[in-house]
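Colleague: A structural model of the following input is requested.
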Amino acid sequence: MHNLHQNFNNILIIVKKSLKELCDNSGNIRKMGRKPKFSDAEVITLSILAECLMINSENYLFQKLNKIKVLMPHLIDRSNFNRRRRQLSNYTDLVRRHLVAKLTLGENTFIIDSMPLPICRFSRARRIKICKQEYQNAPDFGFCAAQNLPFYGYKLHSISSLDGVITHFDLTKAQVADIHFLKDVKDQYKNCLLLGDKAYLSNPMQTELFQDYKLLLNTPKRINQKNYVKQPVLFRKVRKRIETIFSQLCDQFQIQQNYAKSFYGLATRILAKITGYTMLQYLNKYSLNNQLCHVKHAIL
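Modeller: Next up is the predicted model:
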């Protein structure tokens, strides 16, 4: 059984260090109003820890926490935790970005891909009301060519380093084409090599990225294209890294299992899972001397 309190303290130290410019000594974000006893940094830490420990149910998490309440006397209730972690999602992302900067220093080669995030069975798509509060954030029908599978929900776009660290990600409707994600992040990857699959094949986009940003987008060509050249074996082999990341997110972090009722709840959960994944990589590299992506070995 994992030592819940010890892991909480280990992650809390890293969270406070990541937010040291924004937090006071108690771990609360500097702002007007009353300062909560269970600090903002502790809420962020608890959100990350739950994902690291593969605890998807908040009810189950607080059952475990109540057993060690003597060690956490200011622990808030589940409803307050759920509300505050949504409010603190931007600061959770700042923690993730701080860890990414430490883990990818000097990187100039990255991998881009996407994966489906269904929110329900395909047959129930017309009946459910989950995440449909606002049209612009509502789920949609999509098709995953890699799995030859139609789905209803969202699509997770991500860019990772060669070592397996997710540097950027975004959540879009299922029908959004993969290449549109590049329009949002292209200015973050100047003078870099970006490896993608055939979903990112677009000569006008590749030319624009190279001319304006010196960003070389390398994708395999289709067999029926003129001047067809097979992509180098090394590139095809390297691209498997992001497939491994997606497998870990599905297996250990259960990213395709949805328990949220609103889009903002879902987005907060996805952010916590990816931040938890990055946190375990950080612990592996700087605390435990494990291999970076052996994330199951990082929790005590």
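Colleague: Give me the buried positions along the stretch of helix or strand residue 274 belongs to.
Modeller: Residue 274 belongs to helix 263-283 when assigned by DSSP states H and E. For helix 263-283, a neighbour-count test (16 or more other C-beta atoms under 10 Å) marks 263, 265-283 as buried. Glycine gets a C-beta too; all of them are placed from N, C-alpha and C.
Colleague: starting at the chain centroid, how far to that helix?
Modeller: Counting by C-alpha atoms, centre = their mean, to the nearest Å, helix 263-283 is centred 5 Å from the centre of its parent chain.
Colleague: With stretch 145-154 instead?
Modeller: That offset, for stretch 145-154, works out to 19 Å (C-alpha atoms, centre = their mean).
Colleague: ok, residues contacting that stretch?
Modeller: Residues from elsewhere that reach stretch 145-154 (C-beta atoms under 8 Å, 6 or more residues apart in numbering): 116-120, 122, 125, 139-144, 171-174, 199, 258, 266.
Colleague: Which among the residues you listed count as buried?
Modeller: Using 16+ other C-beta under 10 Å, the buried members of the contacts of stretch 145-154 are 116-120, 125, 139, 142, 171-172, 174, 258, 266.
Colleague: okay if I get those residues as JSON lines plus secondary structure and pLDDT?
Modeller: Shown next, in JSON lines, are these (DSSP: H, G, I helix; E, B strand; the rest coil; pLDDT from 0 to 100):
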{"residue": "116", "secondary structure": "strand", "pLDDT": "94"}
{"residue": "117", "secondary structure": "strand", "pLDDT": "94"}
{"residue": "118", "secondary structure": "strand", "pLDDT": "92"}
{"residue": "119", "secondary structure": "coil", "pLDDT": "90"}
{"residue": "120", "secondary structure": "coil", "pLDDT": "86"}
{"residue": "125", "secondary structure": "coil", "pLDDT": "83"}
{"residue": "139", "secondary structure": "coil", "pLDDT": "92"}
{"residue": "142", "secondary structure": "strand", "pLDDT": "91"}
{"residue": "171", "secondary structure": "strand", "pLDDT": "94"}
{"residue": "172", "secondary structure": "strand", "pLDDT": "93"}
{"residue": "174", "secondary structure": "coil", "pLDDT": "91"}
{"residue": "258", "secondary structure": "coil", "pLDDT": "84"}
{"residue": "266", "secondary structure": "helix", "pLDDT": "93"}
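Colleague: all helices of this protein, in order?
Modeller: Here the chain has its helices, by DSSP state H, at 4-18, 40-52, 58-66, 78-87, 89-103, 181-185, 203-213, 233-238, 240-251, 263-283.
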